[in-house]
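# only the shape, not the letters, is given here:
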């Protein structure tokens, strides 16, 4: 998944003023005009060689992959901090822009050793990339915590190892299928007209976190409806076949009706 924060570009309809302005700027100046990076060069100490070092750094930045233009270093009042604008060829949601930010930050180690100048990347595009990356890194931990606690609670409730394991695996399969379908439609650009998206784009950074919460709630809720009834019948009769049949007969209709209601609500958002 290529995650991003909301932008004024591809996430909006071509009929909106913001999108038309975005497209006009793209046509006139290229995609990179929307993803300019602000590189702050901080010198540990000023020497006679500092201006030459900054010129060399600027030339090196120009040679990096996906760089369209680099402005000369603009000094701050202290003379130790300089600002350099880097304009990529790619847009703010493009993976190439993310790689460029990483390349510049990795280059900072080299410039510190050679010139005593640290390179720091900021700006709206860089901040969006950082926030999206933080959320992306937190997803496995967030999902593992939910799955682990759910499994422990279900083991305590149903006093079984396999039933909670089946419930957790079902949740993970549902999550994988949902995220895969989101990538298939939004990121890869399939069935866009059916779902009303103006164009393919990166996926909203907060969406996976929201999806995990919603799917967990639905999956565990319906699972407990079904299995609770099955366990109740099994405790009274000791017959596993009768427990399964009675559980599906009594609770299956409720679960199906609830699922249809949820589908109707989501279709209504369309």
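Here it is on my side, so go on. Keep in mind the model is a prediction, meaning the values are calculated, not measured. Numbers count the residues shown, from 1 in each chain.
# mind listing what's buried in stretch 30-38?
30-37 (16 or more other C-beta atoms under 10 Å). To be clear about C-beta, it is placed using only N, CA and C from the backbone, and glycine gets the same treatment.
# same question, stretch 47-62
Buried, per 16+ other C-beta under 10 Å, within stretch 47-62: 50, 53-54, 57-58, 61.
# just put these in CSV and tack on distance to residue 101.
Shown next, in CSV, are these (distance: C-beta to C-beta, whole Å):
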residue, distance to residue 101
50, 24
53, 22
54, 20
57, 16
58, 17
61, 12
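# just the helices in the chain please.
Ranges of helices within the chain are 17-29, 50-62, 95-115, 124-158, 162-182, 192-195, 207-237, 240-269, based on DSSP state H.
# any idea of the mean pLDDT in the first one?
Averaging pLDDT along helix 17-29 gives 84.
# same question, the fourth one
Average pLDDT, helix 124-158: 86.
# now do the end-to-end distance for stretch 62-70.
6 Å (C-alpha to C-alpha, to the nearest Å).
# ok so, going back, of the buried residues of stretch 47-62, closest to residue 176?
The nearest member of the buried residues of stretch 47-62 to residue 176, counting by C-beta to C-beta, is residue 61 at 39.7 Å.
# how close does the closest residue to that closest one other than its chain neighbours get to residue 39?
Take residue 61 and drop its neighbours on the chain: the residue closest to it by C-beta to C-beta, 6 or more residues apart in numbering is residue 70, 4.9 Å away. Computed as C-beta to C-beta, to the nearest Å, the residue 70 to residue 39 distance reads 8 Å.
# more neighbours: which of those two?
Per other C-beta atoms under 10 Å, whichever of residue 70 and residue 39 has more neighbours is residue 39, with 26 against 20.
# hey, what's the more buried one bridged with?
residue 84, residue 121 (DSSP bridges).
# pretty sure it contacts residue 117?
No - using C-beta atoms under 8 Å, residue 39 is not in contact with residue 117; the gap is 10.7 Å.
# of the buried residues of stretch 30-38, which is the nearest to residue 6?
Of those, the one sitting nearest to residue 6 (C-beta to C-beta) turns out to be residue 34, at 13.0 Å.
# and residue 94, how many neighbours does it have?
19.
# measure the residue lying closest to residue 23 once chain neighbours are set aside to residue 198 for me?
Nearest non-adjacent residue to residue 23, counting by C-beta to C-beta, 6+ apart: residue 14, 7.2 Å away. Look at residue 14 and residue 198: by C-beta to C-beta, they are 6 Å apart.
# between those two, which is the more surrounded one?
Neighbours were counted for residue 14 and for residue 198 using other C-beta under 10 Å; residue 198 has more, 15 against 11.
# wait, the more buried one touches residue 20, no?
No - between residue 198 and residue 20 there is no contact under C-beta under 8 Å: 11.9 Å.
# what touches both of these two?
residue 14 (C-beta atoms under 8 Å, 6 or more residues apart in numbering).
# before we move on, back to that, what residues are shared contacts of residue 70 and residue 39?
61, 84-86.
# can you pick the most crowded of those residues?
Going by other C-beta under 10 Å, residue 86 tops the shared contacts of residue 70 and residue 39 with 26 neighbours.
# could you check how far that residue is from residue 63?
Residue 86 is 12 Å from residue 63, by C-beta to C-beta.
# what distance do you get for residue 245 to residue 97?
57 Å.
# more neighbours, these two?
residue 97 (24 against 14).
# which residues does the more buried one contact?
Here residue 97 is in contact with 35, 66, 88, 90-91, 125, 129 (C-beta under 8 Å, 6+ apart).
# quick one: which of those is nearest to residue 1?
residue 129 (14.0 Å).
# leaving out sequence neighbours, find the closest residue to the residue of the chain most remote from its centre.
Distance to the chain centre peaks in the chain at residue 237, reaching 48.9 Å (criterion: C-alpha atoms, centre = their mean). In space, residue 237 comes closest to residue 243 once its chain neighbours are excluded; the distance is 6.7 Å by C-beta to C-beta, 6+ apart.
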